[in-house]
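Peer 1: could you work out the structure for the sequence below:
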Amino acid sequence: MRFALISLVSTLILLSFGARAEEVPAEIDYLLTTVGSSDCVFIRNGKRHDAQDAEDHLRMKYRRGKRYAPTTEAFIERLASKSSMSKKLYQIECPGTEPVPSGDWLSQRLTEFRDSQDQ
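Peer 2: Next up, the predicted model:
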């Protein structure tokens, strides 16, 4: 009972700082589509994957772990930033740049998306 209450309060707090619940799937879909249409390389567990493979992998993780992602920020933190098995951070390397943690890259894309929606 106590865990359920803490979980509910945590979710409500997260929702108050992020998108409304109905916006979350659209934001996550935007992020996944952006990954897949990029010219970037996705580095997962030390192996390089093309953008479409990265999108497919993250979509699978979201489909299986949606309950862990009540907000877009939670999706990034809990599902799209590291391997759930090895715990190694995912990285994204775009042309002409050094690899960056995928969580940072996705958070930047989310900020840009939300800013474009406010205009």
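Peer 1: show me the shaky parts of this protein.
Peer 2: Along the chain, segments meeting pLDDT under 70 span 1-22.
Peer 1: and stretch 81-99, end to end?
Peer 2: 13 Å (Cα to Cα, to the nearest Å).
Peer 1: how about the residue positioned nearest the centre of the chain, nearest residue that isn't a chain neighbour?
Peer 2: Residue closest to the mean C-alpha point of the chain, counted by Cα atoms, centre = their mean, is residue 76 at 2.8 Å. In space, and not counting its chain neighbours, residue 76 is closest to residue 106: 4.8 Å by Cβ to Cβ, 6 or more residues apart in numbering. C-beta here means a position set from N, CA and C on the backbone, and glycine is covered the same way.
Peer 1: and that neighbour, how far from residue 43?
Peer 2: Separation of residue 106 from residue 43 (Cβ to Cβ, to the nearest Å): 14 Å.
Peer 1: how far away is the residue lying closest to residue 39 once chain neighbours are set aside from residue 46?
Peer 2: Using Cβ to Cβ, 6+ apart and skipping residues adjacent in sequence, the residue nearest residue 39 is residue 95, 5.4 Å away. Taking Cβ to Cβ as the measure, residue 95 falls 20 Å from residue 46.
Peer 1: what of residue 78?
Peer 2: Between residue 78 and residue 46 the computed distance is 21 Å (Cβ to Cβ).
Peer 1: go on, residue 32?
Peer 2: Distance, residue 32 to residue 46, by Cβ to Cβ: 22 Å.
Peer 1: on that earlier part again, ok, the residue nearest to the centre of the chain touching residue 107?
Peer 2: Yes - counting by Cβ atoms under 8 Å, residue 107 is a contact partner of residue 76 at 5.9 Å.
Peer 1: what touches both of the two?
Peer 2: With contacts taken as Cβ atoms under 8 Å, 6 or more residues apart in numbering, residue 76 and residue 107 have no neighbour in common.
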